[in-house]
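Novice: Sequence and predicted structure, then a few things I'm wondering about:
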Amino acid sequence: MALSTVTVTVQKSWMGDVYNVLGTIAISASPGTYPASGFTLPLNDPLIKAGRPPLFVIVQGIAGYVYVYVNGTTSANGKLLILTGAAAQSALTEFTAGAVPAGVSGDTIKFWAIWPSMS
């Protein structure tokens with residue numbers, strides 16, 4: 001099966017002491033799959049005026065999954081990991097590679113990414 005596609009939509013960006021971008025992330029439904037190493041999250045959208053990796057990214061959904069961004073070497077190859085619940089008093093674990101559940105593909109996922117000032 002092919003990997004699910006990840007689509008980034010920029011809603012707003014602005015420059016202050018740092019460069020900020022707010023947006024949404026959509027993950028296509030099954031039969032697409034989740035890779036063991038996480039999805040590549042392409043933050044190299046033409047509306048994002050940064051080529052280097054961000055300093056900090058917050059990703060949040062509403063369906064109960066935990067999303068974590070891991071920097072890559074550029075803004076185009078960072079990873080989006082999906083973590084799920086485990087036994088009581090245990091750390092979260094990465095989602096098992098395989099079919100993407102409806103809870104992920106139907107989730108409302110938002111992100112806030114911060115880069116160093118461009119000036």
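Specialist: Nice, I can see it.
Novice: From now on I want contacts and neighbour counts done on CA atoms only, so please keep to that.
Specialist: Fine.
Novice: Can you name the helix or strand that the spatially most central residue of the chain falls in?
Specialist: Closest to where the C-alpha atoms of the chain average out (Cα atoms, centre = their mean) is Leu80, at 4.1 Å. Using DSSP states H and E, Leu80 falls within strand 78-84.
Novice: Could you list the paired strands of that strand along with their orientation?
Specialist: If you go by DSSP bridges, strand 78-84 pairs up with strand 39-41 (antiparallel), strand 66-70 (antiparallel), strand 93-94 (antiparallel).
Novice: who touches the very next helix or strand once past the shortest one?
Specialist: So the one you mean is strand 93-94. Using DSSP H and E, the helix or strand that follows strand 93-94 towards the C-terminus is strand 98-99. Strand 98-99 is contacted from outside by 30-35, using Cα atoms under 8 Å, 6 or more residues apart in numbering.
Novice: for strand 98-99, what is the average pLDDT?
Specialist: The pLDDT scores in strand 98-99 average 90.
Novice: Buried residues in whichever helix or strand comes after that strand, which are they?
Specialist: As assigned by DSSP H and E, the chain's next helix or strand after strand 98-99 is helix 102-105. Neighbour counts using 16 or more other Cα atoms under 10 Å place 104-105 of helix 102-105 among the buried residues.
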